[in-house]
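Enquirer: Pasting the sequence and the predicted coordinates here, then a few questions.
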Amino acid sequence: MSEHPSAGSIARYAAGDDLPADLLWAVEAHLETCQTCRLRLADVAPPQVTALTEAVWADLEPTGTPVRRRRGFARWATPSLLPWLAMTGSVVLAALFLDGLLAPGSVSSAVLLAAPIVPVLGVAAAWSRGMDPAYELVASTARAGLQLVLRRTVAVLVVVLPALLLGGWTAGASPAYWLLPCLGVTSVTLALGGVIGVRRAAVTTAATWAVLVIGPAAVFGGVPGVLSPGATPVWAAVLVGGAAAVFFRSAAYARL
C-alpha cells in the first residue's frame with residue numbers, strides 16, 4: 001500500500017472487525033513502517049485496548065532500586081562463592097588433622113601431598129552446575145570463553161594459596177616443595193579442560209594425582225619424587241607447556 005489507509009480502514013482494524021485478507025495484510029504492512037498511521041491507530045483504539053497497552057507498558061517500566069554491578073572479587077568468582085570456599089578450606093583442614101594423627105616421619109605431610117590438587121578441586125567446584133545457579137546464563141555470555149575460565153581460576157588461587165601457605169607452615173611443609181607442582185597441575189587441568197571440559201578435567205586430574213602420588217606415599221612413606229626439589233625443572237616445564245596449550249587452544253573454551 002503506497003498511500004495511507006483510509007480512516008475507516010484504520011478504525012475497523014482497531015476495533016477488530018473482519019477485514020478482507022488483502023486489506024488486512026496491507027494495513028498491517030503499512031503500520032510497520034508508518035509512524036503517522038500508528039498514531040492515528042492509537043487515537044481510534046477502543047478503551048479496552050488502550051487500557052491493556054498501558055498496563056503492559058507499566059509492567060515493562062523499571063521499578064525499585066537499580067541493581068548495582070558486582071565489583072571486585074565477586075566479578076571474578078562464581079555467584080555461589082561460599083560452597084566451594086568451604087569445600088577447599090575443609091580439604092586443607094582435613095590434611096592438617098591427618099598430620100596431627102600420623103606419627104612424625106611415618107608418611108609425607110598430608111598438606112604437602114594434597115596441596116597440588118586443592119586448587120584443582122576448587123576449579124571443579126567453580127564450574128559445577130549444581131553450585132552455580134546462573135551457570136547456563138553465564139555460559140551464554142560473550143565473556144564465557146577463556147577469559148571467564150582464567151578469572152575463576154585466579155579467584156580460586158587467590159583464596160586457596162594463602163590457606164595452603166598457612167597450613168603448610170603449621171605442618172612444616174615448605175612451599176618450595178608444593179607451590180610449583182600446584183601451579184603446574186592447575187595449568188595441565190586447564191589445558192585438558194579445553195578438550196573435555198574444565199569440570200571433567202579437574203576431576204580427572206585430582207583422581208590421577210590421588211592414585212599415582214597420594215596412594216603410594218601413604219603406603220610406602222617418604223616424600224614422593226614428584227614433590228622433591230629435583231623435580232622443580234620438570235614442573236616448570238609442565239607449567240609452561242600447560243599455559244602454552246591453553247593459549248593456543250583459546251577458542252576451544254568458548255564452547256564449554
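Expert: Everything's here; your move.
Enquirer: can you give me the offset of stretch 35-49 from its chain's centre?
Expert: 47 Å (Cα atoms, centre = their mean, to the nearest Å).
Enquirer: what does stretch 146-163 give?
Expert: The answer for stretch 146-163 is 11 Å, by Cα atoms, centre = their mean.
Enquirer: for the stretch 101-250 of the chain, what spans make up the helices?
Expert: 110-114, 118-126, 135-139, 146-171, 175-196, 198-209, 215-220, 232-248 (DSSP state H, counting those that start in this stretch).
Enquirer: Now mean neighbour count too, for those, in TSV please.
Expert: Placement of C-beta: from N, CA and C, glycine included. Formatted as TSV, those follow (neighbours: other Cβ atoms under 10 Å):
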stretch	mean neighbour count
helix 110-114	25
helix 118-126	25
helix 135-139	13
helix 146-171	18
helix 175-196	21
helix 198-209	19
helix 215-220	13
helix 232-248	15
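Enquirer: pLDDT below threshold where in the chain?
Expert: The model of the chain has pLDDT under 70 over residues 1-2, 60-88, 91, 95-96, 98-108, 125-144, 171, 173, 254-256.
Enquirer: domain assignment for it?
Expert: Listed by automatic domain parsing, the domain ranges of the chain are 7-60, 72-255.
Enquirer: Against Glu32, how distant is Ile10?
Expert: Applying Cβ to Cβ, to the nearest Å, the value for Ile10 to Glu32 is 14 Å.
Enquirer: Now distance to Pro20 too, for the helices of the stretch 101-250 of the chain, in a markdown table please.
Expert: Below are those laid out as a markdown table (distance: least, Cβ to Cβ, whole Å):
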| stretch | distance to Pro20 |
| --- | --- |
| helix 110-114 | 78 |
| helix 118-126 | 61 |
| helix 135-139 | 46 |
| helix 146-171 | 55 |
| helix 175-196 | 60 |
| helix 198-209 | 60 |
| helix 215-220 | 82 |
| helix 232-248 | 64 |
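Enquirer: With respect to Ala45, which of those helices lies nearest?
Expert: Closest approach to Ala45 among the helices of the stretch 101-250 of the chain (Cβ to Cβ): helix 135-139, 37.1 Å.
Enquirer: chain center to stretch 235-246, what's the gap?
Expert: From the chain centre to the centre of stretch 235-246 is a distance of 23 Å (Cα atoms, centre = their mean).
Enquirer: Pull that stretch out as CSV, backbone CA atoms only.
Expert: What follows is stretch 235-246, C-alpha atoms only, in CSV (Å, rounded to 0.1, in the frame of the first residue of the first chain):
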residue,chain,number,x,y,z
TRP,A,235,57.3,-28.8,37.0
ALA,A,236,58.5,-25.5,35.4
ALA,A,237,58.3,-27.2,32.0
VAL,A,238,54.8,-28.6,32.8
LEU,A,239,53.6,-25.1,33.8
VAL,A,240,54.9,-23.5,30.7
GLY,A,241,53.6,-26.3,28.5
GLY,A,242,50.1,-26.2,30.0
ALA,A,243,50.0,-22.4,29.7
ALA,A,244,51.0,-22.7,26.0
ALA,A,245,48.4,-25.3,25.3
VAL,A,246,45.7,-23.1,26.9
